[in-house]
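Asker: Have a look at this prediction, sequence included:
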Amino acid sequence: MMTNLFSSFDPSTILSIPFNWLSTFLGILIIPSMYWLIPSRFNILWTKVLIILHKEFLTLLSNKMIKGNTLILVSLFSIILFNNFLGLFPYIFTSTSHLILTLTLALPLWLSFMLYGWINHTIHLLAHLVPQGTPPILMPFMVCIETISNIIRPGTLAVRLAANMIAGHLLMTLLGNTGPSMSLMMLNILIIVQILLLLLESAVAIIQSYVFAVLSTLYSSEVNLN
């Protein structure tokens, strides 16, 4: 029972520390950090990377008048890059090496592009099945080939990303497991090779996330989505 009307305003203490006074700084958590923190070098670099990606995706899209049409593609690049780099650290699960994640990213994007295109631009997509200048006798075959290549697109996107992540990590694991049975000279060579492989995998992590985002952009521009 409250003994004093104003006791609810007394700061409570945990381990003799008045944590209630921390509520003064809760406003800082609501205000975006760009307004109250000096950007670090990494922050400036990442912002420049995102601006470059935004401009490049904008050139690949057909209609540049819709604002924010590159947001989902830049976000897609960021999340794949983040997960690819996380997998390079020891004892961290590489989620992008599993088809359940890569298909989860590729299939809904491709399906939404196809549904929107076939519902709103049916003639455009039907014409896209037969390349310009195809002889009439080859048209049925070209329709079958284009249809199959269109259907397997989400699979190729998912398998490309997962296979590249598996291959490099598997090679590094196999080489690392041979370390205890090697001599000191061979162990030094193995460490150098592992460092070079780590640099290669870092490049692969960037390239594969970029390829995934660029191909998704090209698929969206083909259905005249933007």
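Answerer: Sure thing, it's come through. As the structure is a prediction and not an experimental result, all values here were calculated from the model. Residues are numbered from 1 along each chain as shown.
Asker: Report the residue spans of the chain with pLDDT below the cut-off.
Answerer: 1-19, 23, 62-67, 224-226 (pLDDT under 70).
Asker: any idea whether the residue nearest the centre of the chain is helix, strand or coil?
Answerer: Centroid-nearest residue in the chain: residue 80, 2.4 Å away (criterion: CA atoms, centre = their mean). Following DSSP: H, G, I helix; E, B strand; the rest coil, we place residue 80 in the helix state.
Asker: Pull the number of nearby residues for the closest residue to it other than its chain neighbours.
Answerer: Nearest non-adjacent residue to residue 80, counting by CB to CB, 6 or more residues apart in numbering: residue 209, 3.9 Å away. For the C-beta atoms, the positions are set from N, CA and C on the backbone; glycine is no exception. Using other CB atoms under 10 Å, residue 209 has 22 neighbouring residues.
Asker: can you tell me how far residue 209 sits from residue 219?
Answerer: According to CB to CB, to the nearest Å, residue 209 and residue 219 sit 16 Å apart.
Asker: just residue 101 next, same as before
Answerer: 19 Å.
Asker: Same check on residue 111?
Answerer: Distance from residue 111 to residue 219, by CB to CB: 11 Å.
Asker: These two: who's more crowded?
Answerer: The neighbour count for residue 111 versus residue 219, taken as other CB under 10 Å, is higher for residue 219 (20 against 11).
Asker: so how far is the strand or helix carrying that one from its chain's centroid?
Answerer: Per DSSP states H and E, residue 219 falls inside helix 184-222. How far helix 184-222 lies from its chain's middle: 14 Å, per CA atoms, centre = their mean, to the nearest Å.
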